[in-house]
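Chemist: based on what follows, work out the 3D shape:
(chains A and B)
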2 protein chains.
Amino acid sequence: MRHFLLELEELQQKLLEMGGLVESSIRESVLTLVERRPRRAENVWSYETRINRLEIEIDELATRLLALQQPIAGDLRFITAAIKINTDLERMGDLAVNIAQRAQDLIEKPPLQIFVDIPKLALLSQEMVRKSLDAFVLRDAELARSVLLSDDEVDRLRTSIYEELIAAMQKDPAMIVQGVDLILISRHLERIADHATNIAEDTLFLVRGVDVRHHAESSV
Amino acid sequence: MRHFLLELEELQQKLLEMGGLVESSIRESVLTLVERRPRRAENVWSYETRINRLEIEIDELATRLLALQQPIAGDLRFITAAIKINTDLERMGDLAVNIAQRAQDLIEKPPLQIFVDIPKLALLSQEMVRKSLDAFVLRDAELARSVLLSDDEVDRLRTSIYEELIAAMQKDPAMIVQGVDLILISRHLERIADHATNIAEDTLFLVRGVDVRHHAESSV
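Modeler: Here you go, the predicted structure:
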């Protein structure tokens, strides 16, 4: 039993470590773009390697816990949630890689002379990743719920970025490639936020036993 | 034991049913665009409701199997893979919804006077969904491997679609909104194909015990 608790603790620690790497990866991918420094992207490649290794380790640990400890009730639900969350974190890592690749292309072209608030969208996404994982590990329903609310802010922000970029491209068609790339980057960030929302929903299900997936927010 | 096998069979059937709904959903979302018929999108909304219900049912069934039957070895790996695949299928359903929404916007605007092969990309994605799930249920490594190969074709196709659309927008900046929307739709289809690739990788891991995630394709 003692051994089981230690392994559960290890599972949590690995998920938190992976979450930290995902946050760093988002930050570096966006700084590649903002600071126009292609070398920044190399940090993202190295984080990805560690994220991918952790994904496999977490899956193995979770499967071992299921096989050897045959957990029931709350522990079982916690471990199956960890398997799902692991998948979400790995996808976020991939999305940060996509952002960094696109950023490397973008900074070789003349910059767009308007400011779109991609850094704010990136900070918001990072915060959602951190909060959703903290909520999971602490089994904190209120914190999980705050992540669901942030997702509305993400949607507003990506819509305004989209509209600003469309207007900029229409005004100066020489900027179409840059505009499209920035729209795609903002969509990657939005998708990272979606994955954080999934983690928050899994957490609410774990803590309250209520399935909030596919329900109106008012029911949360 | 007999009961356990029946429940495993039920789990497979539900995953196949969900896969069928995802395929239909992709088809209808793209037909909304191609046939310029907004009513088509309503089929996508109704598929989504059923997909979301199935996601919850599959999670519950998998968790019940883990709790009551305490499976080991191959069965345990099959059930944990089912939990991951369930997540992939649900995301694909969401992506089809995104395509349908964007298609509805698009068909209210004048059409782009060039042909980009989004229908082909859609067919390829649907085929990958079907093959990856068949491979999982039949534990067929060769079929799973063919899905990984299709993913390269998807990447080529979406790159050519991107380049054609950028050129079309540069030629006629009045078409920027339509061009961006079509690029986003092609990215949604690419992401559906990515999820099918995940299912194929999980299947290879299940069948061969070899983790092909995050390895060069030559090692598959």
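
Chemist: quick one: A:Tyr162 from chain B, how far?
Modeler: As judged by C-beta to the nearest C-beta, to the nearest Å, A:Tyr162 and chain B stand 8 Å apart. The C-beta positions use only the backbone N, C-alpha and C, and glycine is treated the same way.

Chemist: now swap in A:Asp152 and tell me
Modeler: As judged by C-beta to the nearest C-beta, A:Asp152 and chain B stand 17 Å apart.

Chemist: pLDDT score assigned to that residue?
Modeler: You'll see A:Asp152 listed with a pLDDT of 93.

Chemist: just A:Ile72 next, same as before
Modeler: Note on A:Ile72: pLDDT of 73.

Chemist: from the chain's centroid, how far away is stretch A:11-25?
Modeler: On the basis of C-alpha atoms, centre = their mean, to the nearest Å, the separation between the geometric centre of stretch A:11-25 and that of its chain is 10 Å.

Chemist: list the buried ones in it?
Modeler: Of the residues in stretch A:11-25, those with enough neighbours to count as buried (16 or more other C-beta atoms under 10 Å in any protein chain shown) are A:11-12, A:14-15, A:17-19, A:21-25.

Chemist: same question for stretch A:69-83.
Modeler: Along stretch A:69-83, the positions that meet the burial threshold by neighbour count (16+ other C-beta under 10 Å) are A:69-71, A:75-83.

Chemist: so what's A:Val147 up against?
Modeler: A:Val147 is in contact with A:128, A:131-132, A:135, A:196-197, A:199-200, counting by C-beta atoms under 8 Å, 6 or more residues apart in numbering or on different chains.

Chemist: show me what contacts the closest residue in space to it that isn't next to it in sequence?
Modeler: If you skip the residues right next to it in sequence, A:Val147 has A:Ala200 as its closest partner in space, 3.7 Å away by C-beta to C-beta, 6 or more residues apart in numbering or on different chains. Listed by C-beta under 8 Å, 6+ apart, the contact partners of A:Ala200 are A:128, A:131-132, A:135, A:144-145, A:147-148.

Chemist: returning to what we had before: near chain B, list only the ones from the buried residues of stretch A:69-83.
Modeler: Contacts with chain B are made by A:70, A:76-77, A:80, A:83 out of the buried residues of stretch A:69-83, judged by C-beta under 8 Å from any C-beta of the partner chain.

Chemist: point out where chain A drops to low pLDDT.
Modeler: Scanning chain A for pLDDT under 70 picks out the ranges A:1-2, A:210-220.

Chemist: close to chain B: what parts of it are there?
Modeler: Contact residues (C-beta under 8 Å from any C-beta) of chain A with chain B: A:52-53, A:55-56, A:59, A:62-63, A:66-67, A:70, A:72-73, A:76-77, A:80, A:83-84, A:87, A:166, A:169-170, A:173, A:176-177, A:179-180, A:183-184, A:187, A:211, A:213-214.

Chemist: restricted to helices, list the residues you listed.
Modeler: Per DSSP state H, helices hold the following members of the residues of chain A next to chain B: A:52-53, A:55-56, A:59, A:62-63, A:66-67, A:73, A:76-77, A:80, A:83-84, A:87, A:166, A:169-170, A:176-177, A:179-180, A:183-184, A:187.

Chemist: write the PyMOL selection for whichever of the residues you listed are buried.
Modeler: What follows is the PyMOL syntax for the buried subset of those, where burial is set by 16+ other C-beta under 10 Å:
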select buried, chain A and resi 52+55+59+62+63+66+76+77+80+83+84+87+166+169+170+176+177+179+180+183+184+187
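
Chemist: which one is A:Phe78 nearest to, not counting chain neighbours?
Modeler: Residue nearest to A:Phe78 in three dimensions, not counting chain neighbours: A:Leu206, with 6.2 Å by C-beta to C-beta, 6+ apart.

Chemist: swap in A:Val137?
Modeler: Leaving aside its chain neighbours, A:Val137 sits nearest to A:Gln12 (5.0 Å; criterion: C-beta to C-beta, 6+ apart).

Chemist: against A:Val154, how distant is the residue nearest to the spatial centre of chain A?
Modeler: What sits nearest the mean C-alpha location of chain A, by C-alpha atoms, centre = their mean, is A:Ile192, with 3.8 Å. A:Ile192 sits 9 Å away from A:Val154 when distances are taken as C-beta to C-beta, to the nearest Å.

Chemist: residues shared between the contacts of those two?
Modeler: A:125, A:128.

Chemist: what's the distance between A:Leu66 and A:Ala82?
Modeler: The separation that A:Leu66 has from A:Ala82, given C-beta to C-beta, amounts to 10 Å.

Chemist: likewise A:Leu206?
Modeler: When distances are taken as C-beta to C-beta, A:Leu206 and A:Ala82 turn out to be 10 Å apart.

Chemist: contacts for stretch A:91-101, please.
Modeler: Where contact means C-beta under 8 Å, 6+ apart, the residues beyond stretch A:91-101 that reach it are A:21-22, A:25-26, A:28-30, A:32-33, A:40-41, A:44-45, A:47-48, A:51-52, A:129, A:185, A:188-189, A:191-192, A:195-196.

Chemist: now do 6 Å
Modeler: By C-beta atoms under 6 Å, 6 or more residues apart in numbering or on different chains, the residues outside stretch A:91-101 that reach it are A:22, A:25-26, A:29, A:32, A:41, A:44, A:48, A:51, A:185, A:188, A:191-192, A:195.
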